[in-house]
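Colleague: the following comprises the amino acid sequence and a computationally predicted model.
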Amino acid sequence: MVRAALAGLGVSIAAAPLGCFVVWRRMAYLGEATAHAAVLGVALALSFSLPLLPAIISAALAMGLSVSLLRGRGYAMDTLLGVIAHTALAAGLVTVALLSDVRLDLNAFLFGDILAVTKSDLATIWIGGATILALMVWRWSALLVSTLNPDLAQASGIDPKREELWLTLAMALAVAVAIKVVGILLIAALLVIPAAGARPLARTPESMAFTAAIIGSTAALGGLGGAYWADTPAGPSIVCAAALIFVATAILGPIFRKG
Amino acid sequence: MTTPLISLNNLSVRLDGRLILDNVSAQIAAGEIVTIVGPNGSGKSTLLRAMIGAVPAAQGTVRRAPGLRIGYVPQKLALDAALPMTVQRFLGLPKRVSASKAKTALELAGVPDLRDRQMTRLSGGQFQRVLLARALLEEPQVLLLDEATQGLDQPGAAAFYERIEQVRTDLGCAIVMVSHDLHVVMAASDRVLCLNGHVCCEGAPQMVADAPEYRALFGSGTRGTMALYQHKHSHTHDHNHAQDTSH
């Protein structure tokens, strides 16, 4: 249980600044696509007996990069992501089913299995999380300007395309880190909901990221507690807790600001 | 002559397969005000974006003086409401600035009291001036303004241009602006560049206004804002360019 709490905290904190960018850049769907690609990564790792973690990161990264490449080629972004995100998920599921000699607990990947987090899982989560955070802190200003306006970034000597690559990399890492905690289907929720919940309380980008981290951590601990108490699945409980906080800040935020 | 800050040599730019800029050559020297005019879709904004290096050259070159500091004010900046941003924080992008430096820049841009406001709560005119203030904080050697008076009313636009001239006097930077407010702009510029994919004509404001190429683009028969705008000011001129017969 302590390990589960630590895992939840690690993921929530690392996801907070990244989740803010997902909200600001309207990339919620990209988060989902990257996560779905992870199923394909899992399937490929099992077929060719590759190590799981690098396979997931590579698949997620490949998805992120191909989306970046395909963007602006005549399809709207949501259409494009709708096609490849779900294709990746479907293809992954089909591949897993074809591997009749492998017995795989698909549920654990799809919905997470935070209560079964091992010590080495925990190490992966915290190292991965720290890497994401470091990346975000390092690129923060450049990413912010690129998000505001790519030309503005260019005029200041920042290459917005390169910044987008850093973000894609962070996203792939986040997927790999968060699979164990909330599972593939709910990773995007863990990115978006705390950031969205932080919005009404924040006046600057930094305070929004910070608040998102607090909301995410609270949701992780609260969701775990709730799951333990009501005997519900942990990952979805965490997401539900985050959603409750989101509703609360959405209602209370404006009142709070007026006062 | 010293070397130019920015020089475009036979630059052609294609966007989505369409030729936007065709063999354009231009130089921006230190301290001068250059205005780029041209009809819609003539490549004015693309020309500015080429100067900052945001669009690739299909042919020709864009050369910027080494270490050139550019202040860029884009035509439109749609700030997503999901992104909380105070004016102070915005001014400090990408490099954070102290409160006092931010204040000075806002004063220079003519909006001294906005520091703690949210960007999304500003009016169009205030927003443009905050963008200008941010560009000034880069201590630019050249200031690029893309239709910076869009969304301002006439007195607002006139005040904005006065501000720009003041900025040039104070900072000594070159200013390149794209505009459709032809009259106001022309009065303030050292040089006007008339663009329509290629450079139609170029020179001192009066020279360009009298040039047949310019008249072909903006003169009799043109409709819309430009002609209307000139109409209002026709009393100050003895020669009648822009005879608008369309209404």
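Modeller: Perfect, I can see it now. Everything quoted here is computed from the prediction, not taken from an experiment.
Colleague: residue of chain B nearest chain A, please.
Modeller: B:Tyr72 (3.4 Å; CB to the nearest CB). No exception for glycine: its C-beta is placed from N, CA and C like everyone else's.
Colleague: show me the contacts for that residue.
Modeller: By CB atoms under 8 Å, 6 or more residues apart in numbering or on different chains, the contact list for B:Tyr72 reads A:Asp151, A:Leu152, A:Gln154, A:Ala155, A:Ser156, B:Leu48, B:Ile52, B:Ala135, B:Leu143, B:Leu144, B:Asp146.
Colleague: narrow the residues you listed to those in helices?
Modeller: Of the positions in the contacts of B:Tyr72, A:Asp151, A:Leu152, A:Gln154, A:Ala155, B:Leu48, B:Ile52, B:Ala135 sit in helices, assigned by DSSP state H.
Colleague: how about the residues of the stretch 151-259 of chain A by chain B?
Modeller: A:151-156, A:158, A:196, A:199, A:202-208 (CB under 8 Å from any CB of the partner chain).
Colleague: longest helix in chain B, please.
Modeller: helix B:154-171.
Colleague: the following helix or strand past that one pairs with which strands, and in what direction?
Modeller: Using DSSP states H and E, the helix or strand that follows helix B:154-171 in sequence is strand B:174-178. Strand B:174-178 pairs in its sheet with strand B:33-37 (parallel), strand B:142-146 (parallel), by DSSP bridges.
Colleague: next one: the first one to chain centre, how far?
Modeller: So the one you mean is strand B:33-37. Averaging C-alpha positions (CA atoms, centre = their mean, to the nearest Å) puts strand B:33-37 7 Å from its chain's average.
Colleague: do the same with the last one
Modeller: Distance of strand B:142-146 from its chain centroid, counting by CA atoms, centre = their mean, is 5 Å.
Colleague: show me where chain B has helices.
Modeller: B:44-52, B:87-91, B:99-108, B:124-137, B:154-171, B:182-188, B:205-210, B:212-218, B:225-232.
Colleague: tilt between the third one and helix B:124-137?
Modeller: Here the directions of helix B:99-108 and helix B:124-137 differ by 120 degrees (axes from the mean of the first three to the mean of the last three CA atoms, to 10 degrees).
Colleague: also the first one?
Modeller: Counting by the same axes, to 10 degrees, helix B:44-52 points 20 degrees away from the direction of helix B:124-137.
Colleague: any idea how far helix B:44-52 is from the chain center?
Modeller: For helix B:44-52 - counting by CA atoms, centre = their mean - the centre lies 10 Å from the chain centre.
Colleague: tell me what it is packed against?
Modeller: helix A:150-155, strand B:6-15, strand B:18-28, strand B:33-37, strand B:59-64, strand B:70-73, strand B:142-146, strand B:174-178 (3 or more CB pairs under 8 Å, 6 or more residues apart in numbering or on different chains; DSSP states H and E).
Colleague: can you do 7 Å?
Modeller: helix A:150-155, strand B:6-15, strand B:18-28, strand B:142-146, strand B:174-178 (3 or more CB pairs under 7 Å, 6 or more residues apart in numbering or on different chains; DSSP states H and E).
Colleague: how about residues contacting it?
Modeller: The list of residues contacting helix B:44-52 from outside it, by CB atoms under 7 Å, 6 or more residues apart in numbering or on different chains, reads A:151, A:154-155, B:6, B:8, B:11, B:13, B:15, B:20-21, B:24, B:36, B:38, B:55, B:57, B:62, B:70, B:72, B:75, B:144, B:146, B:176, B:178, B:195.
Colleague: 6 Å - rerun?
Modeller: A:151, A:154-155, B:6, B:13, B:20-21, B:36, B:38, B:55, B:62, B:70, B:72, B:75, B:144, B:146, B:178, B:195 (CB atoms under 6 Å, 6 or more residues apart in numbering or on different chains).
Colleague: so where's chain A shaky on pLDDT?
Modeller: A:72-74, A:100-103, A:256-259 (pLDDT under 70).
Colleague: ok, back up a step: neighbour-wise, which one of the residues of the stretch 151-259 of chain A next to chain B leads?
Modeller: A:Met208 (29 neighbours; other CB atoms under 10 Å in any protein chain shown).
Colleague: let me see the contact set for that one.
Modeller: A:Cys20, A:Ala198, A:Ala202, B:Pro84.
Colleague: let me know the closest of the contacts of B:Tyr72 to A:Ala178.
Modeller: A:Leu152 (31.6 Å; CB to CB).
Colleague: so what's that closest one up against?
Modeller: For A:Leu152, the contact set (CB under 6 Å, 6+ apart) comprises A:Val145.
Colleague: which one among the contacts of A:Met208 gets closest to B:Asp210?
Modeller: Taking CB to CB as the measure, B:Asp210 lies nearest B:Pro84 of these, at 50.9 Å.
Colleague: for that closest one, grab phi and psi.
Modeller: phi -70, psi 140 (degrees, to the nearest 10).
Colleague: quick check: domain ranges of chain B?
Modeller: For chain B, automatic domain parsing gives the domain ranges B:28-48+B:141-247, B:77-139.
Colleague: re earlier: mind putting the helices and strands packed on helix B:44-52 into a markdown table with distance to B:Glu165?
Modeller: Putting those into a markdown table (distance: least, CB to CB, whole Å) gives the following:
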| stretch | distance to B:Glu165 |
| --- | --- |
| helix A:150-155 | 22 |
| strand B:6-15 | 20 |
| strand B:18-28 | 17 |
| strand B:142-146 | 12 |
| strand B:174-178 | 9 |
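Colleague: which helix or strand contains A:Ala172?
Modeller: helix A:160-182.
Colleague: remind me what that helix packs against, helices and strands.
Modeller: If you count contacts as 3 or more CB pairs under 6 Å, 6 or more residues apart in numbering or on different chains; DSSP states H and E, helix A:160-182 packs onto helix A:2-24, helix A:28-47, helix A:52-70, helix A:119-148, helix A:187-198.
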